[in-house]
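> Prediction below, plus the sequence it came from.
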Amino acid sequence: MNLFYLTRFRVICMVAMTSIFFTSATLKAQTNPEAQVVITPATLTVKELLTQLEKSAGLNFVYSTLDQELSKTITLNPSSGSVRSILQQLSSKTNLTLSATGNDIALKLRARGTISGKVLTSDGEPARLVTITIDGLRSTQVDAGGNFSFRNIPAGKYKLIATFVGLQTATKSVTLASAEGVSADFFLKESKQDLKEVVVNGAKVNKYGRKESEYIARLPIKNMENPQVYSVVRKELITAQMATTLDEAFRNIPGALVSRTGAGIPAVTARGFTSGDNIRNGMATWLKTNIDPIIVERVESIKGPSSTLFGSTMVSFGGLINYVIKRPYDTFGGEISYSQGSFDLSRLTADVNLPLNADKSLLFRMTGAVHKENSFQDQGFQHMQVISPSLTYQVSEKLKFSLDADVHKVKGTSAVLLTIPTTVFNGKSFKDLPLSDKRSLIDNSLASQQASNNLFAQAEYQISENWKSQTNFAYSLGAYDQFNQFDFTYLTESTIARKVRVWMPDKWGRKQIQQNFTGDFKAGPIRNRLLVGADYLSQYRQSHYGLVNLDVVDLSKPVPGISLPQVNNAYAALNVPETNSIQDSYSAYASDLVNLTDRFMVMLSLRADRFINKGSRNLGTDVVTGNYNQTAYSPKLGVVFQPVKDQVSLFANYMNGFKNLPNATQPDGSTSVFKVQQANQIEGGVKLDLFDHKLNATLSYYNIDVKNSTRFEIRDGQNFLVQDGTQKSKGIDLDIIANPIKGLNIVAGYGYNDNKFTKAAPQVEGKRALLTPAHVGNIWINYALSEGIFKGVGLGIGGNYVSDSYFANTGDYTFMLPSYTFIDAAAFYDQPKYRINFKANNIGNAKSWAIDGRPQKPANFMAGIAFKF
C-alpha cells in the first residue's frame, strides 16, 4: 500500500516537473515585442518580410488565401527597430490586420466598406456637377440625384471634400469602422438657381483662377501637383473683355506676344519661339481661319518644350496653345447676344444647352456666331460664320461618349506681308515708313474664301476603381477655295513691288487617333498616377500654289487699282502643277507622378516617336521629293515639394522638345541626312494657392538650350546647309490671379525673355532672334457690385505692354517693331436674365504693328446686350 502511494507520488512529481519545464521553456521562447530586429533590404515583398520575422523573431504567421496581398511590395522606414515597430509598419502600410496570441499572429484582410451620401442645395434640391473627393485617395462626381458612393474602401478615418466650380469647398470627416459602410451628406449654402448661374456665367470665388485641367498632364492632377508652368484663360474673362477672336483672349497669357498668320490664324510667341498651330481638346487641328470664342470654354497655355505628351508637329519650343470646346451640362439654359462696334462691326452669337432625355444621360449643346467687320484701313473686311454642336452620352456608370464639332467659314481680305530690304531703306522702325497705316494698297475684290472644320470623338471607360481608358479621335480639315496673300516689298523708300501669293484650291488635313490608360494606385505606401498611351497622327496637304507679280507702285503718285480678274488671269498663266504630301507619326508615351510622401512628388515621363515623311508628289511630273524618316525620344522630369500642403509648391522641371528636319541636297550634289532638332529646358519656381483660393500665383525662371539647328555655311563660294547651330533662351514668367475682396477679380502677368543665337550664320550669330520682345505684360481688373439695388453693375480696366523687338537685324543694320501699350476699359450690368456690356479698346489710340508687320487697330468701341435663359 505504501509502495503504491509512493510510486504514484513519484509519477505526479515527474509530470509536474515536466509541466514546469515545458512551461518555463515556452515562456522563455515567447518573443519580447521590444526585441530589436534588422530587415534587409528595406523594400521587399510582404511574404519576404514575414519570412525574416519568423526567422529572426521566432514569430509564427497564420493566414490563408492571401497570396495577392503577400506578393505586394512594402518599404520599411526605418528597416530596423523593435518587433513591435516593424509589425506596426506592416499593419499601416498594407491592407492586413494583425491579431496576436503568444507568438502566433493571425493575418486577415482589412475590412472594406462603402462611403456614400447625398449633396443638397439650400432649398433641398439635389446638387449637380459637384465633385466629392476622399482626400489623398480618389474622387467622383454626384449623379443627377445628388448621390455619390465610394465602394471597397479600407476601414479608417477619412476627410471628404465637396467642390463645385468656383464655390468655396466643404469638408466632412468620417470614420469607416466596418464593412457595412458610413453615410455623409453635404448641404450647400447655395440654391439650385445659384449653382445654375455659376455653371453658365462663371464662378463666384476667384472666377478666373480655376486651373485644373485633364489636358495639361493628361492625368487627374492639380496645378499645385504639376511641375509644369501653364496658364488658363476662362470664358468668364473672355466674356468680360468682349473678345471677338481667339487671339484677343491670348493677350491674357503671361509673357505671350499675340499675332496672326497671313490667313488670320491665331499665333503666339512665348519664351522666344513662335507657333501658328493650335491644339483643340488636346488633339490635332489644322486651322485656316481664326477661331470665334463663342465656342470656347477656356484657353490653356503650356509653357516650354512639351513634345513628351504632345509630339512635335503642333508645338513650339516655347510651348503650346490648347483651346477647349464648350461641353453640355445637365440643365436647360443658354444665351443669345448681339453687339455692334467701330468699323461697322456687327455680331450675333447663340449658346443653347438642353438635356435630351428624362434621366439626363444624353446632353446636347449648340454654339454659333455670325460676325461681320470692316478694316480700319481704306480696304479690307472679314465675314465669319461658325457653328459648333456638342453631345455627351452617359451610357452607364462606367461608359461615356462625347462628340463635338465646329465649322468656321470666312470670307475676307488677308493681311499684308511686308519685306523691307536693309539696302534700300534708311528708316529705323515702322514709325518711319512713308506709307500711312490707314492705306492698304489692296482691293476688297481679292477676298479669300477660307474654312476650318474640326471633329472630335471620345470614349471613356472606367475599367476599375483605379484604372480608366480614354480613346480619342480628331479630324481637322483646313481649306482655301481661294486664298490671296498680299506680299509687298519696298524697292526704294517710295516704291513698292506688289505681289499676291495665290492658293487655289488648297486643303490641309490632320487625323489623330489616341489611346490613353490612366491609373491612380498605390505600390506599397507610394501613390502613383500613371499615364500610358499611344498616338497615331496622319497629315496631308493638297496644294495648288503660285506667286503672281502684279506691279511696282510709286507712293508719290496715284496708285492704280488691282482686281480679282487681274490676279486670276496672271495665276492661270503660271500653269502651276498641284502637289500632294503625306506625313505619319507613330508614338508611345508614359508619364508617372509618384508621391514619395503627400508633399513630395516626382514626375517621370518619356515619349518615343517615329516620323515618316512620304514626301511631296508633283502631279504634273509624278516625281516625289523630300521623303525621309526620323526617330526621336523625348524625356521629361519634374519635382514638386509642398512646404505648405496644397498652398505652396516649390517645383523644378526638365522638359524636352524636338522638331523633325528634312534631308538637304547640297550644291555639290551630295545629300545631308540631319538629326532631329532638340530643345532642352531647365525651370524652377514657386506656385501659390492661398486664402481659400483667393490668390493663385506662379513665378518661374527658365533656361532653354536648342541644338542641332541648321544654318548656311559658305564653302568654296557655295552655300552649304550644316547642322551645328545652337540657340539659348532664358527668362522669367509671372502669373497672378486674385480675388482680394468680394466682387474684385485681378488677372496680371509678366514675361521677360533674353535669347540669342550662340552658333549661327555670321550675320546673326550672337544676336537676338527677330520678333521676340524682351518684356511683355498684361493686366485686367474687374469689379462688380454683389449686393444692393446696383447689384450686377461692374467696371473693368486693363491693358497690355509689349517692348520693341527686331524686325530685321543683320550686319550693322536694324529695323525695329516699336513698343506699344494698349489700355482697355469695360462697363457692364449683369443680371440673371440679361447682360449689357460696353467696351473701349486702345483708349490711348496707340499706333502699333503686330510682329507680321500688320498695323493694329486704333481706338475702337463696342456695345452689346445678351439675353440669358
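That came through, no problem. Numbers count the residues shown, from 1 in each chain.

> Tell me how many other residues crowd A170.
Neighbourhood size, A170 [other Cβ atoms under 10 Å]: 17. No exception for glycine: its C-beta is placed from N, CA and C like everyone else's.

> list the contacts for it?
161-162, 186, 188 (Cβ atoms under 8 Å, 6 or more residues apart in numbering).

> Grab the nearest non-local neighbour of E214.
P220 (6.7 Å; Cβ to Cβ, 6 or more residues apart in numbering).

> got a list of what that neighbour touches?
139, 214, 518, 520, 529.

> try Q458
Contacts of Q458 (Cβ under 8 Å, 6+ apart): 281, 401-403, 470-473.

> out of these, who's nearest S494?
For the contacts of Q458, the residue nearest S494 by Cβ to Cβ is N281; the value is 50.0 Å.

> what are the phi and psi values for that closest one?
Dihedral angles of N281 (phi, psi; degrees, to the nearest 10) stand at phi 50, psi 40.

> what's the neighbour count on G620?
Number of residues near G620 (other Cβ under 10 Å) recorded here: 11.

> Run a quick check on it versus N580, I expect a contact.
No: contact criterion Cβ atoms under 8 Å: G620 and N580 do not qualify, at 11.5 Å.

> where does the closest residue to W849 other than its chain neighbours fall, phi/psi-wise?
Spatial nearest neighbour of W849, chain neighbours left out: F430 (4.8 Å); criterion: Cβ to Cβ, 6+ apart. Note on F430: backbone dihedrals following degrees, to the nearest 10 are phi -60, psi -20.

> Now do the same contact list for F430.
Taking Cβ under 8 Å, 6+ apart, we find F430 in contact with 807, 816-818, 849, 853.

> show me where the stretch 251-400 of the chain has helices.
307-310 (DSSP state H, counting those that start in this stretch).

> And the strands in it, which stretches?
257-260, 266-270, 273-275, 279-280, 296-303, 319-325, 333-341, 345-355, 362-374, 381-394, 399-412 (DSSP state E, counting those that start in this stretch).

> number of nearby residues for A697?
16.

> What helix or strand is it located in?
strand 695-715 (DSSP states H and E).

> Would you mind listing which of the contacts of A170 are buried?
Neighbour counting by 16 or more other Cβ atoms under 10 Å classes 162, 186, 188 among the contacts of A170 as buried.

> Return the subset of those residues lying in strands.
If you go by DSSP state E, these have 162, 186 in strands.

> Where is pLDDT lowest across the buried ones among the contacts of A170?
Note: of these, the lowest pLDDT belongs to L188, at 78.

> That one reaches D123, doesn't it?
No: if you go by Cβ under 8 Å, L188 and D123 don't touch, sitting 9.9 Å apart.

> any chance you could map the strands in the stretch 1-150 of the chain?
Counting by DSSP E, counting those that start in this stretch, the strands of the stretch 1-150 of the chain are 36-38, 43-45, 60-62, 73-75, 80-82, 96-101, 104-109, 112-120, 131-134, 138-141, 147-154.

> With respect to N842, which of those strands lies nearest?
Nearest to N842 among the strands of the stretch 1-150 of the chain is strand 131-134 (40.7 Å), distances taken as Cβ to Cβ.

> How far away from the center of its chain is that closest one?
Relative to the chain's own centre, strand 131-134 is displaced by 23 Å; criterion: Cα atoms, centre = their mean, to the nearest Å.

> helices or strands up against that strand?
Using 3 or more Cβ pairs under 8 Å, 6 or more residues apart in numbering; DSSP states H and E, the elements in contact with strand 131-134 are strand 112-120, strand 138-141, strand 147-154, strand 156-163.

> Let's have the ones you listed in TSV, adding distance to S342.
Below are the helices and strands packed on strand 131-134 laid out as TSV (distance: least, Cβ to Cβ, whole Å):
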stretch	distance to S342
strand 112-120	47
strand 138-141	44
strand 147-154	50
strand 156-163	42
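
> Nearest to Y571 among these would be which one?
Of all these, strand 138-141 comes closest under Cβ to Cβ, at 55.7 Å.

> OK, contacts around the residue nearest the centre of the chain?
Closest to where the C-alpha atoms of the chain average out (Cα atoms, centre = their mean) is I216, at 3.4 Å. Under the criterion of Cβ under 8 Å, 6+ apart, the neighbours of I216 are 226, 228, 230, 300, 302.

> one more time with 6 Å
With contacts defined as Cβ atoms under 6 Å, 6 or more residues apart in numbering, the neighbours of I216 are Y230.

> List phi and psi for S361.
Dihedral angles (degrees, to the nearest 10) for S361: phi -90, psi -20.

> Which pLDDT value belongs to it?
Reported pLDDT for S361: 91.

> do the same with the one 3 residues further on
At F364, the model reports a pLDDT of 97.

> Go ahead and confirm it touches L391.
Yes: assessed by Cβ atoms under 6 Å, F364 is found in contact with L391 at 5.3 Å.

> where's D143 relative to G124, distance?
D143 is 17 Å from G124, where distance means Cβ to Cβ, to the nearest Å.

> Okay, now the unreliable bits of the stretch 101-250 of the chain?
Along the stretch 101-250 of the chain, segments meeting pLDDT under 70 span 144, 165-168, 178-180, 190-206.

> again, only this time at 90
101-104, 106-159, 161-214, 220 (pLDDT under 90).

> export the strands of the stretch 1-150 of the chain to TSV and tack on mean neighbour count?
Below are these laid out as TSV (neighbours: other Cβ atoms under 10 Å):
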stretch	mean neighbour count
strand 36-38	14
strand 43-45	15
strand 60-62	15
strand 73-75	17
strand 80-82	15
strand 96-101	13
strand 104-109	16
strand 112-120	18
strand 131-134	19
strand 138-141	14
strand 147-154	17
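
> What ranges does the stretch 401-550 of the chain have for its strands?
Under DSSP E, counting those that start in this stretch, the stretch 401-550 of the chain gives strands at 416-419, 448-462, 467-490, 495-523, 526-554.

> And the stretch 701-850 of the chain, by the same measure?
For the stretch 701-850 of the chain, applying DSSP E, counting those that start in this stretch gives strands covering 718-738, 744-759, 775-784, 793-802, 805-810, 813-817, 820-830, 834-841.

> pretty sure E236 is in a strand, no?
No: counting by DSSP: H, G, I helix; E, B strand; the rest coil, E236 is not found in a strand; it is helix.

> My guess is S440 contacts Q377. True?
Yes: using Cβ under 6 Å, S440 makes contact with Q377 at a distance of 4.3 Å.

> Report how many residues lie close to Q647.
Using other Cβ under 10 Å, Q647 has 16 other residues around it.

> Ok, which of the strands of the stretch 1-150 of the chain comes nearest S585?
Closest approach to S585 among the strands of the stretch 1-150 of the chain (Cβ to Cβ): strand 138-141, 33.1 Å.
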